[in-house]
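Enquirer: Here's a sequence, model it:
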Amino acid sequence: MVSIEQFQQLDMRVGKIVRAEQFPQARKPAYKLWIDFGPSLGIKQSSAQLTYHYTPDSLIGRLIIAVVNLPPRVIAGFRSDVLVLGVPDADGAVVLLRPDWEVPLGGRVF
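Expert: You can find the predicted model right below:
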């Protein structure tokens, strides 16, 4: 169990994918993503293993939820600033978490 205070330490925000590319250098199939989190956070990068259900073109303009206050990681030479959130489908492939309606970019999840 975690306390509500511990949960609130995670900063989860809404972003919009503005660019997506294949990431052939990654060890597991993945995409490079550029995500706009609005004026307060700007554009952040992420590497995400989303290749089963999504193509780069299908990701452009999609709203997502990401954790924005974890330390950056470098994956195959690419800086990943945020952790894009998803859940596995019945076969283990990632399905993105996203808002049902348009919401302001950078909105905090609570």
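Enquirer: who touches the top strand by length along the chain?
Expert: Looking only at the chain and at elements set by DSSP state E, the strand with the highest residue count is strand 12-22. Under the contact criterion CB atoms under 8 Å, 6 or more residues apart in numbering, strand 12-22 has outside partners 31-38, 41, 43-44, 56-57, 59-68, 82, 85, 99, 103-109. In this view, the C-beta of every residue, glycine as well, is placed from N, C-alpha and C.
Enquirer: quick one, helices of the protein?
Expert: For the chain, the helices defined by DSSP state H occupy 4-8, 56-59.
Enquirer: Tell me which residue lies nearest the centroid of the protein.
Expert: residue 84 (2.2 Å; CA atoms, centre = their mean).
Enquirer: Quick check: it touching residue 66?
Expert: Yes - using CB atoms under 8 Å, residue 84 makes contact with residue 66 at a distance of 4.8 Å.
Enquirer: what is in contact with those two at once?
Expert: Joint contacts of residue 84 and residue 66 (CB under 8 Å, 6+ apart) are 35, 46.
Enquirer: Great, nothing more from me.
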